[in-house]
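Student: I need the structure of the sequence given here:
(2 chains)
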Amino acid sequence: MSEKLIFEKGAPGRRAATMSALDVPVESLENMIPAQLLRQDAAPLPEVSEIEIVRHYTHLAQRNFGVDTGFYPLGSCTMKYNPKLNEDMAALPGFAHIHPSQPESTVQGAIQLFYELEQYLAEISGMARVTLQPSAGAHGELTGLMLIKAHHESKGQSHRNLVLIPDNAHGTNPASATLADYKAVEVRSDPQTGGIEMAHLEQLLAAHGQEVAAIMMTNPNTLGLFDSNIVEIARMVHEVGGQLYYDGANANAVLGITRPGDMGFDVVHFNLHKTCSTPHGGGGPGAGPIGVKEHLVEFLPGPLPAKNAQGEYYWQDPGPRSIGKVRANMGNFGVLVRAYTYIRTYGPDGLLHVAQSAILNANYLKHELASDYEIAYPQTCQHEFIATAQRQKEESGVTATDIAKRLLDFGMYAPTIYFPLIVHEAMMIEPTETETRETLDYFISVMRQIAQEARTDPDTVKTAPHTTPIGRLDQALAARKPNLRWTPGQEETR
Amino acid sequence: MTYIPNTPEDQRIMLEALGLSDLESLLTPVPEEVRLRRPLDLPAALAEPDLKRLLSGMAARNKTLDTTISFLGAGTYDHAIPSVVPHLQRRSEFVTSYTPYQPEVSQGMLQAIYEFQTMVCQITGLDIANASLYDGATAMVEAVLLAVGPGGRGEVVISQAVDPQYRRVLHTYAHARGFSVIEVPTINGVTDLERLNEAVTPTTSAVVIQQPNFFGCVEDVRAIEPIAHKGKGVFVATITEPASLALLAAPGEYGADIAVGELMSFGNSMSYGGPALGFMAARSKYMRMLPGRLVGQTVEEGGQKRTGYVLTLQTREQHIRRERATSNICTNQSLLAVGATIYLAALGKQGFRELGELCLQKAHYAQRQVTAVPGFKAAFSSPFFDEFVIQSPVRIGQLQRAFEQAGIIGGYPLAQDYPDLPNAMLFCVTETRTREDIDLLVDVLKEARA
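Tutor: Sure thing, here's the model as predicted:
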């Protein structure tokens, strides 16, 4: 059964929340607001009782799959366990119920948290300073490109208008480049190593070196492979005056092992909702702090947290060369409290073990699936790898989509599929460090069973899922005749 | 290790399957010259009870609005959160999921977002809405980017009565993206219509106002609309205090093309200003230009053709369209959207109206009481909703000290953003303030004056 919409429930006159009685003398509405500026029609919100609301959203929650429900190997999204402690800390009234414009003396603990988290992230990434302002990874990318732009402008290099982006990069990279008024230029990846094709990079730099503003790289990249040429790449790009941007989507693989700053990157973003275990919330919120080397510090958005000689924390306005501000207020503070708690939970040895364990889990899955699936790049991977459905597609017409859907029948979420774009029938698998060996073994056995079904009973896979609350949905219809909101009476016309 | 379930023995077995003897052998792809051969310089690990003590201590160094009376608004509003909201919003199936790429097991989040999109349309009076944006400021910028268009260079006209932080964010983006921004001054706390009329030209791509504006004043949107539309520009209404929509004309009613703003205060804790909840609603004609996720209703491919929900019109988005996407946004604010949806369901049609009335009445009572204190004057005579600006006869620093001594948090000092208002303070009074709170504020002002 489909769940009715909240608008289709309730009855006129029903309500849930109660409002305090008006305790001040009443003034007539028309005396306060001119009639032509008043609302004509009341907002037609639902009229439902509290019990109806509770059952409705409980049912919706039950129709939703999260990390707490089961294995969630969604590649490049780092769907690790979200510790309950972090939720409790973010909900402390002293963190949850404070206003961003409160006097500094009344929010010392909050500014301290910003101050210390900045230091932790700077150490983890090998950067001079960090801004905690950006709201998500893509927002961090844009902020980073703005910093790079400000840097070039300060050097009289405003003409630099190209950003080099590998063909296996996240879609946000080229989209962010466009938003910063740059032209995205694709760099080919090497079919053997999976890293950047050095000859192509050399060629691009020789032809356009003076126009290159930056290169954006994810390392390890979306193939789960560490680009061993990184030091040489950094040297080449810096030599022509370009900057190196590190997409931190896959930073879970490098904690305590290596640092973007040491690899030669000038700017790095973190996805705290990936690396630092803050929950993904059904799509967000996240947080996308940006770390920079010393030469970019003066351009950071402000204000930045600071501490005076008396040990008091305060917000320091940025200097005149700051790019400005990329959002209202200081950042996704509630997310930052969780990330802070996470880093303090693990400490230096623990974070290293996080990365090592994530890498081991990925390599274990890759090794065990190789008997039944093509592995796009067989070498040692880092936190994730790409298996493909190419063999299944050729043999029986079973695609990556079909395998993803069939996995849902076994109480697991699906990998990221058809990404990166350079691998056909890609299934990008990232187990993270928080899964037990038993869960990994169960996933392996299910994947082998699906491969077996593809050989002997492909229709079962092609028509999956069979046990979910609803079957495959008509995406084409949704796009051809978009219905993006409920309107009264629409259920009768369906 | 805390959240790593596998023991050294588990890991030994897995390594053995790989034919390896230690974890280090998995790190060979990382060149030695970039390896960090020392422990990260971070504080040592802490156990859960110790961390609770540490963080509770830090939280205790903040004055929480649970126990402190505050008259701060200025973009972040204190509206009561019914208990039912966090209880349902924090269901871990919502909290620990991600963008619903697999709709068959994500109907809950998809349907909740579809309901959110509908409610945003209901309160704004517009046709369509997206699944959320980072915050009100970036939502406003996204509306401007839509109006400017890909590669566009036309100028954008914005009122100086729009939240100063929002304008700062707009300038930051405009510089990077390469379009110009013209700011229109205010008169009596509202946008100067004559100057607005001069600023809007045939090449204007967007006209941006805020309703009620940063001073809490209600703009004459009926007079602004024809000016905003005299060229081809997009009329963008920014709403930072959504409770105002209960009483004030909806953007759809007064002819706005796009409404953007901040919905954090509906069911979500203010959390020092973030995570926030940006929204965007628009007329249907902008459907394929909208940034961010959109959830649509559809039916099953086969079988019973049951109704379901999917992410749709994804060809606008970065993961498909890459450098030609309408926006770079990926991660958004879904969980906060769920909170706002449950909040609006809990208030319902009647409760929403009452919320608006309580805010309006209490703020007007407060303004009458404050301006009855000798020396404290209303800065403007324009109509207002639940915020108002007061010219103080004593210096703002002195006023702040008086508030501190009384153990309350006063209003928002305007001098930092409006140097021509050196002794002005913006007070906000929502439904969470009682008559006693307001009378206490008045007493403090009287004392500060004496």
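Student: got the domain ranges for the chain?
Tutor: Since no chain was named, I'll use chain A. Taking automatic domain parsing as the domain assignment, the ranges for chain A are A:6-62, A:87-345, A:356-476.
Student: try chain B instead
Tutor: With domains defined by automatic domain parsing, chain B comprises B:84-343, B:348-449.
Student: end to end on the first one, go ahead and measure it.
Tutor: In domain B:84-343, first residue to last residue: 8 Å (C-alpha to C-alpha, to the nearest Å).
Student: cool, stretch A:369-388 as well?
Tutor: Here the two ends of stretch A:369-388 are set 10 Å apart, with distance taken as C-alpha to C-alpha.
Student: how far out from the middle of the chain is that stretch?
Tutor: On the basis of C-alpha atoms, centre = their mean, to the nearest Å, stretch A:369-388 sits 23 Å off its chain's mean C-alpha point.
Student: for stretch A:303-312, same thing?
Tutor: Using C-alpha atoms, centre = their mean, the distance from the centre of stretch A:303-312 to the centre of the chain it belongs to is 31 Å.
Student: next one, pLDDT for residue 379 please.
Tutor: Using chain A here. For residue A:379, the pLDDT comes out at 96.
Student: my question was about chain B
Tutor: 98.
Student: how about it, what does it touch?
Tutor: Under the criterion of C-beta atoms under 8 Å, 6 or more residues apart in numbering or on different chains, the contact list for residue B:379 reads B:189, B:215, B:388-391, B:421, B:424. Where you see a C-beta, it was placed from the backbone N, CA and C, and this is true even at glycine.
Student: return the member of those nearest to chain A.
Tutor: For chain A, the nearest member of the contacts of residue B:379 is residue B:388. The distance, counting by C-beta to the nearest C-beta, is 11.1 Å.
Student: need the residues that contact the host helix or strand of that closest one.
Tutor: With the criterion set as DSSP states H and E, the secondary-structure element containing residue B:388 is strand B:387-391. The set of residues external to strand B:387-391 that reach it, using C-beta under 8 Å, 6+ apart, is B:73-74, B:189, B:212, B:215-216, B:241, B:363, B:366-367, B:370-371, B:376-380, B:411, B:414, B:421, B:423-429.
Student: got a pLDDT number for residue A:2?
Tutor: pLDDT, residue A:2: 82.
Student: what's opposite the nearest residue to it once chain neighbours are set aside in the beta bridge?
Tutor: By the measure of C-beta to C-beta, 6 or more residues apart in numbering or on different chains, the closest residue to residue A:2 outside its immediate chain neighbours is residue B:307, 4.6 Å from it. Beta-bridge pairing for residue B:307 (DSSP bridges): residue B:299.
Student: wait, doesn't residue B:307 sit right on residue B:297?
Tutor: Yes - here residue B:307 lies in contact with residue B:297, judged by C-beta atoms under 8 Å, at a distance of 6.4 Å.
Student: comparing the two, which residue is more hemmed in?
Tutor: A count of neighbours by other C-beta atoms under 10 Å in any protein chain shown puts residue B:297 above the other of residue B:307 and residue B:297, at 25 against 21.
Student: element containing the more buried one, please.
Tutor: Using DSSP H and E, the secondary-structure element containing residue B:297 is strand B:295-299.
Student: for that strand, the distance to its chain's centre please.
Tutor: Offset of strand B:295-299 from its chain centre (C-alpha atoms, centre = their mean): 26 Å.
Student: check stretch B:259-275 too.
Tutor: Its chain's C-alpha centre lies 4 Å from the corresponding centre of stretch B:259-275 when counted by C-alpha atoms, centre = their mean.
Student: so is that stretch next to chain A?
Tutor: Yes - between stretch B:259-275 and chain A, judged by C-beta under 8 Å from any C-beta of the partner chain, the touching residues are B:262, B:269-275.
Student: nearest to residue A:130 among these?
Tutor: The shortest approach to residue A:130 among these belongs to residue B:274, at 15.9 Å (C-beta to C-beta).
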